[in-house]
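> Coordinates for the following, if possible.
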Amino acid sequence: MIVVMTKGAIYKMKLIIAEKPSLARDIAAALGVTQRKDGYIEGNGYIVTWCIGHLVELANPEVYDEKLKQWSLATLPFIPETFKYQVNSNTSAQFKVIKGLVNDSRVLSLVNCADAGREGELIFHLVYLLTGCKKPVERLWISSLTKDEILKGFGNLKPASHYAGLRDSAHARQRADWLIGLNITRAFTIKARTNSSFGGKSELYSVGRVQTPTLAFIVSREAEITNFVPEKFYQVVATFDSTVGTYQGLWVGVDGFRIAEEKEAKAIADKVLGQDGVVDKVDKKLVREKAPLLHDLTSLQRVANTKYSLTADQTLKVAQSLYEAKLITYPRTSSQYLSVSVANEIDEHLDACDIGIYSQFVNQIKSSKTGVRLTSRHVQDAKITDHHAIIPTKIKANLSTLDDEQRKVYDLIVRRFLAAFYYESEIEQTTVFTIVLGEKF
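Numbering: from 1, shown residues only. Next up, the predicted model:
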């Protein structure tokens, strides 16, 4: 937006605040903003600046009360009536830049371009609060960093109030973490240091809202594994020759496949060894399997760990790098579905997959009788909260420029995306029941 007045008038501009420098550069490039300054980029009616993660954080306890510098049960629980904030000392210079821009007389309004999610809402709003800004705010909400998506997003900006609930939930999450971390960590540490069963060690015993329940799950599972007492059992497996080939059968009794005593299993094996069997029954069943749902972050992390032993954090970092390279959509999503609007443009996403080993699958999909289409199995507006499932963007990847982990994660995303276009698979399962001297296999 730019308003040109009479001679001597000033430009009226929008201030864009991104979450990180790389995102700011992408937005500036899409909007034609090219004049680089110290901590921001200017031009074409916009000023584009950026945060560097959390520029503002909750104040330390001693800011409220000097007594809280000392850890004492007498000061607990501490629950402030009003929460205080402070500028992160490591990034205070950039906060100063943003504060100056916010108060620039040329700036009429702001655009929140932090990551489209709960944490992005918090990062921007804390900066907005601490700068004392009262100017109107619009929100950019996109799931891809391509130029087309950025421009489309700027054509569909919404007032910040549209995301007030998400912003408030972000504040609640941050304050809950702070209150539990402060009060329970101090209480537990003080008690542990004075408890002889802990050996009186002067260690920190950290307690967290998410950390501690998760640790409890791990400890509980480890206890189950440690206390597990394995029970030995035996099974009898027979190999049968027939006119159409060989097959194996597992002995089954009244109580199932397991035999408690070795001598009983050996007796059955000795009884049927070398004897003729009679096929008693053949069951054939057609099993249909639908294409898996598209990836959300959790499913992507799970598959990457199973297939490539990547940790959840490694997968997230790799996915984030692919997102910033404009090759995949927003990775921090909890949805495995696409919106109808995205599905209407799915051909362009499919075309971007027409590279390397994926071309054969793209050609199969395009040549199918039904054409390129997705069903309600993968397209449901009601199943999307903040962002849709992770899929490739409309930009073709140059696979040779990706490192090993990027190629692996990108491959998981592309294959899951392509699988969504295929019909459900059909597998015929055949079960043969064979009787040998009264023993059933």
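
> Only the buried residues of the longest helix seen in the chain, if you could.
The longest helix of the chain (DSSP state H) is helix 164-193. By neighbour count on 16 or more other CB atoms under 10 Å, the buried set for helix 164-193 is 166-167, 170-171, 174, 178-187, 189, 192-193. All C-beta spots, glycine's among them, are computed from the backbone N, C-alpha and C.

> looking just at contacts, which helices and strands does it meet?
strand 56-58, helix 118-130 (3 or more CB pairs under 8 Å, 6 or more residues apart in numbering; DSSP states H and E).

> switch to 10 Å and redo it
Secondary-structure packing of helix 164-193 (3 or more CB pairs under 10 Å, 6 or more residues apart in numbering; DSSP states H and E): strand 56-58, helix 61-64, helix 118-130, helix 211-227.

> Just send those back as TSV, with distance to residue 416 too.
Conversion of the helices and strands packed on helix 164-193 to TSV gives the following (distance: least, CB to CB, whole Å):
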stretch	distance to residue 416
strand 56-58	37
helix 61-64	46
helix 118-130	25
helix 211-227	27
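
> quick one, which of the ones you listed is packed in tightest?
helix 118-130 (a mean of 22; mean count of other CB atoms under 10 Å).

> immediately after that one, which helix or strand?
strand 137-139 (DSSP states H and E).

> quick one: average pLDDT of that following strand?
Per-residue pLDDT over strand 137-139 has a mean of 98.

> ditto for stretch 172-186
Mean pLDDT, stretch 172-186: 96.

> how about the CA coordinates for it, as PDB?
What follows is stretch 172-186, C-alpha atoms only, in PDB (Å, rounded to 0.1, in the frame of the first residue of the first chain):
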ATOM      1  CA  ALA A 172      -1.700 -19.400  28.300                       C
ATOM      2  CA  ARG A 173       0.800 -22.100  27.200                       C
ATOM      3  CA  GLN A 174       3.800 -19.800  28.000                       C
ATOM      4  CA  ARG A 175       2.500 -18.700  31.400                       C
ATOM      5  CA  ALA A 176       1.600 -22.300  32.400                       C
ATOM      6  CA  ASP A 177       5.100 -23.400  31.500                       C
ATOM      7  CA  TRP A 178       6.600 -20.500  33.500                       C
ATOM      8  CA  LEU A 179       4.400 -21.100  36.600                       C
ATOM      9  CA  ILE A 180       5.000 -24.800  36.700                       C
ATOM     10  CA  GLY A 181       8.600 -24.600  36.000                       C
ATOM     11  CA  LEU A 182       9.200 -21.900  38.600                       C
ATOM     12  CA  ASN A 183       7.100 -23.200  41.400                       C
ATOM     13  CA  ILE A 184       7.400 -26.900  41.200                       C
ATOM     14  CA  THR A 185      11.100 -27.000  40.200                       C
ATOM     15  CA  ARG A 186      12.000 -24.900  43.200                       C
END
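
> What lies in contact with that stretch?
With CB atoms under 10 Å, 6 or more residues apart in numbering as the test, stretch 172-186 has contacts from 54, 57-61, 68, 71-73, 75-80, 83, 118-119, 122, 126, 204-212.

> and if you look at stretch 252-264?
So stretch 252-264 is contacted by 231-237, 250-251, 265-268, 433, 439-441 (CB under 10 Å, 6+ apart).

> buried residues in stretch 237-249?
In stretch 237-249, counting by 16+ other CB under 10 Å, buried: 238, 240, 249.

> can you put those residues in TSV and add distance to residue 399?
TSV is the format used below for the buried residues of stretch 237-249 (distance: CB to CB, whole Å):
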residue	distance to residue 399
238	49
240	48
249	46
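
> Between those residues, which sits nearest residue 142?
Residue 142 lies nearest to residue 249 out of the buried residues of stretch 237-249, by CB to CB, at 57.7 Å.

> Tell me if I'm right that the closest one and residue 235 touch.
No. Contact status for residue 249 versus residue 235: not in contact, 11.1 Å apart, counting by CB atoms under 10 Å.

> Where does the prediction get shaky in the stretch 51-200 of the chain?
196-200 (pLDDT under 70).

> and residue 235, what does it touch?
Contacts of residue 235 by CB under 10 Å, 6+ apart are 250, 251, 252, 256, 257, 258, 259, 265.

> actually residue 365, not the one I wrote
Contacts for residue 365 (CB under 10 Å, 6+ apart) come out as 350, 353, 371, 372, 373, 418, 420, 421, 422.

> I'd like those residues written out as CSV, with distance to residue 48, neighbour count and pLDDT added.
Listed next are these as CSV, based on distance: CB to CB, whole Å; neighbours: other CB atoms under 10 Å; pLDDT from 0 to 100:
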residue, distance to residue 48, neighbour count, pLDDT
350, 32, 22, 96
353, 32, 21, 97
371, 41, 10, 73
372, 37, 14, 77
373, 39, 12, 83
418, 36, 20, 96
420, 36, 21, 95
421, 38, 22, 93
422, 42, 13, 91
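
> Mark which of those residues are part of strands, please.
Of the contacts of residue 365, none are assigned to strands by DSSP state E.

> for the residues you listed, which one is nearest residue 22?
Looking across the contacts of residue 365 and measuring by CB to CB, the closest to residue 22 is residue 353, at 24.5 Å.

> Compute the distance between the residue most central in space within the chain and residue 119, please.
Nearest to the geometric centre of the chain sits residue 297, at 2.6 Å (CA atoms, centre = their mean). Residue 297 sits 13 Å away from residue 119 when distances are taken as CB to CB, to the nearest Å.

> next one: residue 107
Applying CB to CB, the value for residue 107 to residue 119 is 25 Å.

> Spell out which residues make up each domain of this structure.
As assigned by automatic domain parsing, the chain contains the domains 1-229, 237-283+431-440, 297-423.

> And the strands in the stretch 301-441 of the chain?
Using DSSP state E, counting those that start in this stretch, the strands of the stretch 301-441 of the chain run over residues 425-436, 439-440.

> would TSV of the ones you listed with mean neighbour count, mean pLDDT and distance to residue 224 be doable?
Formatted as TSV, the strands of the stretch 301-441 of the chain follow (neighbours: other CB atoms under 10 Å; pLDDT from 0 to 100; distance: least, CB to CB, whole Å):
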stretch	mean neighbour count	mean pLDDT	distance to residue 224
strand 425-436	13	92	33
strand 439-440	18	95	35
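
> Please identify which of those strands is closest to residue 140.
strand 425-436 (40.5 Å).

> distance between that closest one and the chain's centre?
Distance of strand 425-436 from its chain centroid, counting by CA atoms, centre = their mean, to the nearest Å, is 40 Å.

> next one: stretch 115-122
The answer for stretch 115-122 is 14 Å, by CA atoms, centre = their mean.

> What of stretch 352-362?
Per CA atoms, centre = their mean, the centroid offset for stretch 352-362 relative to its chain is 25 Å.
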